[in-house]
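**Q** curious how this folds, go ahead:
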Amino acid sequence: MLGLKRAIFSFIKNAELKQKEYPHFPECIRTIIKRKKGSKDLYNVFLSNINSIYKLNTKWNALLQLGENFDWKSVFMSISNCTKDSKLLWFQYRIFYRILATNNYLFKCKITTNNTCNLCKQEVESIEHLFFYCAKSNEIWKQFEQMLLSQCNMNVNLTLTDILLGCTREKYHALNLMILLIKQYIFYKSRKSNVLSIDEIKKCLLAYHQTEKWSHGINMKQNQFTLRWRMFSNLFS
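**A** Predicted structure coming up:
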């Protein structure tokens, strides 16, 4: 935000604009340049419009039949707790806000003329189809569930809501991370081919697990890492 402020002030200086001209600036610019340091005014704007964030709920409620009392705060908290990886978070937020570039989304934007699924070549490639209803991705989830059962003695039955929005139970931060990594794999793999492999997913999960182990190690957080992954330790032994 400070970088944005500096850019605006630099423009004002270079354009030789004076203080008296500020009232003619758009409201959004005047809010940003009101103070030379800090972003209190901008944060207040966000807080005053916080309810607009939840406009996406209507669509998800209709698709997943979540009910009026569905805890959206826990959904966002569970994702932010499962990873600090900005690329993964941005990927998940694109799913939340339904702006992930599936073929159906690109078709609606008139970027492509084909809205069918790259994997099965049969149905419209919506977010729900690509990550759950498609026979090929659904088979991957079944294999993942079987892997958890056989290696971790965990009987997990992932629902459409679990896969798209995450599991909100606190102890499942690592599970949410693995679900997110698998979704990312399915999406990017589907852009290049129509073949999904549970063996490739295992390698992906192992590589990320090793990266987290190294990261927690250099930051002296080994106990936090062990606690986070203890339910799934047999997957990586």
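
**Q** residue 158 belongs to a strand?
**A** No - with DSSP: H, G, I helix; E, B strand; the rest coil as the criterion, residue 158 is assigned coil and is not in a strand.

**Q** quick check: the gap between it and residue 98.
**A** According to C-beta to C-beta, to the nearest Å, residue 158 and residue 98 sit 20 Å apart. From N, CA and C alone the C-beta is placed, and that goes for glycine too.

**Q** which one of those two has more residues nearby?
**A** The neighbour comparison of residue 158 against residue 98 (other C-beta atoms under 10 Å) goes to residue 158, with 18 against 14.

**Q** tell me which residues touch that one, please.
**A** 141, 144, 145, 179 (C-beta atoms under 8 Å, 6 or more residues apart in numbering).

**Q** per-residue confidence at the last one?
**A** The pLDDT attached to residue 179 in the predicted structure is 96.

**Q** then the second one?
**A** Model confidence at residue 144, expressed as pLDDT, equals 96.

**Q** doesn't it belong to a helix?
**A** Yes - using three-state DSSP, the assignment for residue 144 is a helix.

**Q** so it sits against residue 182, correct?
**A** Yes - the pair residue 144 / residue 182 is scored as a contact, 6.5 Å apart, by C-beta atoms under 8 Å.

**Q** of these two, who's got more company?
**A** Remark: of residue 144 and residue 182, residue 182 carries more neighbours, 22 against 19, as counted by other C-beta under 10 Å.

**Q** what's the host helix or strand of the more buried one packed up against?
**A** Assigned by DSSP states H and E, residue 182 falls within helix 173-192. Judged by 3 or more C-beta pairs under 8 Å, 6 or more residues apart in numbering; DSSP states H and E, the packing partners of helix 173-192 are helix 72-82, helix 86-96, helix 135-152, helix 160-165, helix 198-218, helix 222-229.

**Q** deepest-packed of the ones you listed, please.
**A** Ranked by mean neighbour count, these are led by helix 160-165 with a mean of 19 (mean count of other C-beta atoms under 10 Å).

**Q** and the contacts of residue 158, which is closest to residue 92?
**A** Comparing the contacts of residue 158 against residue 92 with C-beta to C-beta picks out residue 179 as the nearest, at 9.7 Å.

**Q** now do the same contact list for that closest one.
**A** Contacts for residue 179 (C-beta under 8 Å, 6+ apart) come out as 158, 162, 163, 166, 167.

**Q** farthest-separated two in the residues you listed?
**A** Among those, the pair separated by the greatest distance (C-beta to C-beta) is 158 and 166, at 10.5 Å.

**Q** quick check: domain ranges of this structure?
**A** According to automatic domain parsing, the chain comprises the domains 2-48, 71-236.

**Q** could I get the ones you listed as CSV with distance to residue 62?
**A** Listed next are the domains of the chain as CSV, based on distance: least, C-beta to C-beta, whole Å:
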stretch, distance to residue 62
domain 2-48, 27
domain 71-236, 12
